[in-house]
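let me see the structure of the following:
(one chain, ligands or ions: 1)
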Amino acid sequence: MAKDCNVALIGQKFMGRAHSNAYAQARHFFPKTARRPVLHTIAGRNKPELEEFAQVWGWQHATTDLKDITNNKEIELVDIGTPNNMHREQSIMMLEAGKSVACEKPLAQNLAEAREMLAAARKAKKQQTFVWYNYRRCPAVALAHQMISGGKLGKIFHVRAVYLQGWASADIPLIWRFDKKVAGSGAHGDLSAHIIDMARFITGEELTEVSGAASATFVTERTLPTVGPTGLIAGGTKGGGKKGKVTVDDAIVFCGRMRGGGLATFEATRFAMGNQNNNCIEVNCEKGSVRFSFEDMNLLWWFDQTEGPRTAGWKRIMCTSAGNHPYAEAWWPDAHVLGYEHAFINQVADMMNALGGQKPVVPFADFADAYETQRVLEAAMLSAENRCAVKMADVK
Ligand SMILES: NC(=O)c1ccc[n+]([C@@H]2O[C@H](COP(=O)([O-])OP(=O)(O)OC[C@H]3O[C@@H](n4cnc5c(N)ncnc54)[C@H](O)[C@@H]3O)[C@@H](O)[C@H]2O)c1
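Predicted coordinates:
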């Protein structure tokens, strides 16, 4: 049996639940990982809530004092599931205490913070870092990455990436996601971060330039929250009489150039009413195209340009075939489909293998990789603020 890996998790709401489930389920569905996750300590700010959470999810200890983690030699991996303003401080604290760190995305509120985190990760030579760009581990996304890196699609012409949500109507109170001091940015850091990561991961190419960025805040004031957030983004929150200012973007669009000469467009919004979690990317290449939308996450669409026009058409690939599709052998029979939680569980399995010296199924975003996504986020902010094109070489 593989050696245990004691995990501590900070934050016990939305991502707290997704990550707790992932550590627990990885033990069952990936019993042969090089290390075995143990739900050691859950940490946060509210002791009674944490104690109840620990009971429900099977954490052995609950604490509001992060020194209980830094001082505990048993804990090897610290997972940071707190809002963006805590990522830098908590990651650096844990790396300096000798822990490996799995941090939520975006890596940081801005590039300056991300740079400090990267420096701390580089100093911590014995440890590993991971960032929760979980969509990489949807089997369909991992398959798209494998097809392109295996040369099946050829030269990349277009990346068309959108992340469309529609939950942020004017009646939603001013939760932390609308507050620049806590979130750093709005739809941009929250949603553009994912689609930039997806574009980089699927194509294997970096951006060389960002241009044409425009962002907007459609609802500029909201009622202050009296209840919540409860762990469902804005679900269950209630607002009081008083209003406060929204200090982040609600939506952003921007363009990019890829290293291989292709063009990319990105759109991220919380105001695409009718869309719920439509994280969607299409990549058009010399030998065909691939398309993914999270709302149908088990499917990868593939157009094979090398097929003659008589039979050519979009193929609907159900990415659940054990031995053929990434991660599928851990799960269910064909077309017994996967959901939101599975990409997180797949990531835990890969992290446990990496901590045991084995290769993940597909590459991780570690702090160095997530820093590259943060550079693109920064370039798009600069492009929007200054109404100009920004060369990636100038964003360090
Ligand atoms: N990977 C994804 O797809 C995905 C999805 C949603 C959120 N996120 C990211 O996860 C992070 C958390 O988001 P969430 O939706 O879980 O938020 P949330 O509001 O549901 O939960 C945040 C948790 O952090 C705790 N917390 C806040 N400040 C703290 C502090 N100073 N010390 C200790 N605990 C503190 C809160 O009490 C709460 O338990 C954010 O960075 C967000 O961008 C990622």
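
can you tell me the helix or strand for the residue of the stretch 251-396 of the chain found nearest the ligand?
For the stretch 251-396 of the chain and the ligand, the shortest gap (Cβ to the nearest ligand atom) falls at residue 344, measuring 7.9 Å. Any C-beta I mention is one placed from the backbone N, CA and C, and that applies to glycine too. For residue 344, the element it lies in under DSSP states H and E is helix 340-355.

check which helices and strands that helix is in contact with.
Under the contact criterion of 3 or more Cβ pairs under 8 Å, 6 or more residues apart in numbering; DSSP states H and E, helix 340-355 touches helix 14-29, strand 35-43, strand 75-80, strand 129-131.

wait, which of these is closest to residue 109?
With distances scored as Cβ to Cβ, the stretch of these nearest to residue 109 is strand 75-80 (13.3 Å).

show me what that closest one is packed against.
Checked by 3+ Cβ pairs under 8 Å, 6+ apart, strand 75-80 has strand 3-10, strand 35-43, helix 87-96, strand 100-103, helix 340-355 packed alongside it.

strands paired with it, and their directions?
In the sheet, strand 75-80 lines up against strand 3-10 (parallel), strand 100-103 (parallel) (DSSP bridges).

does residue 380 sit in a helix, a strand or a coil?
helix (DSSP: H, G, I helix; E, B strand; the rest coil).

which ones are touching it?
Neighbouring residues of residue 380 by Cβ atoms under 8 Å, 6 or more residues apart in numbering: 188, 192, 210, 213, 252, 254, 266, 390.

burial check on the last one, number of neighbours?
So that's residue 390. 25 (other Cβ atoms under 10 Å).

before we move on, what about the second one?
Using other Cβ under 10 Å as the criterion, residue 192 is surrounded by 31 other residues.

repeat for the first one
Other residues lying near residue 188 total 27 when counted by other Cβ under 10 Å.

does residue 271 sit in a helix or strand, and which one?
Counting by DSSP H and E, residue 271 is found in no helix or strand.

what's the distance between it and residue 394?
31 Å (Cβ to Cβ, to the nearest Å).

what of residue 124?
For residue 124, the distance to residue 394 - Cβ to Cβ - is 29 Å.

looking at the two, which one has more neighbours?
Higher neighbour count among residue 124 and residue 394: residue 124, with 21 against 9, using other Cβ under 10 Å.

hang on, the more buried one packs against residue 95?
Yes. In this structure, residue 124 is within contact of residue 95 by Cβ atoms under 8 Å, at 4.4 Å.

list the contacts for residue 217?
186, 246, 248-250.

circling back to that earlier point, check contacts around the residue lying closest to the residue of the stretch 251-396 of the chain closest to the ligand once chain neighbours are set aside.
Once flanking residues are discounted, residue 344 sits nearest to residue 22: 3.9 Å by Cβ to Cβ, 6 or more residues apart in numbering. Residues in contact with residue 22, defined by Cβ under 8 Å, 6+ apart, are 341, 344-345, 347-348.

mind giving me the PyMOL command for buried ones among these?
The PyMOL command for the buried members of the contacts of residue 22 (criterion: 16 or more other Cβ atoms under 10 Å) is given here:
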select buried, resi 344+345+347+348
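
what about the closest residue to residue 34 other than its chain neighbours, neighbour count?
Nearest residue to residue 34 in three dimensions, chain neighbours excluded: residue 356, at 2.2 Å (Cβ to Cβ, 6+ apart). Number of residues near residue 356 (other Cβ under 10 Å) recorded here: 14.
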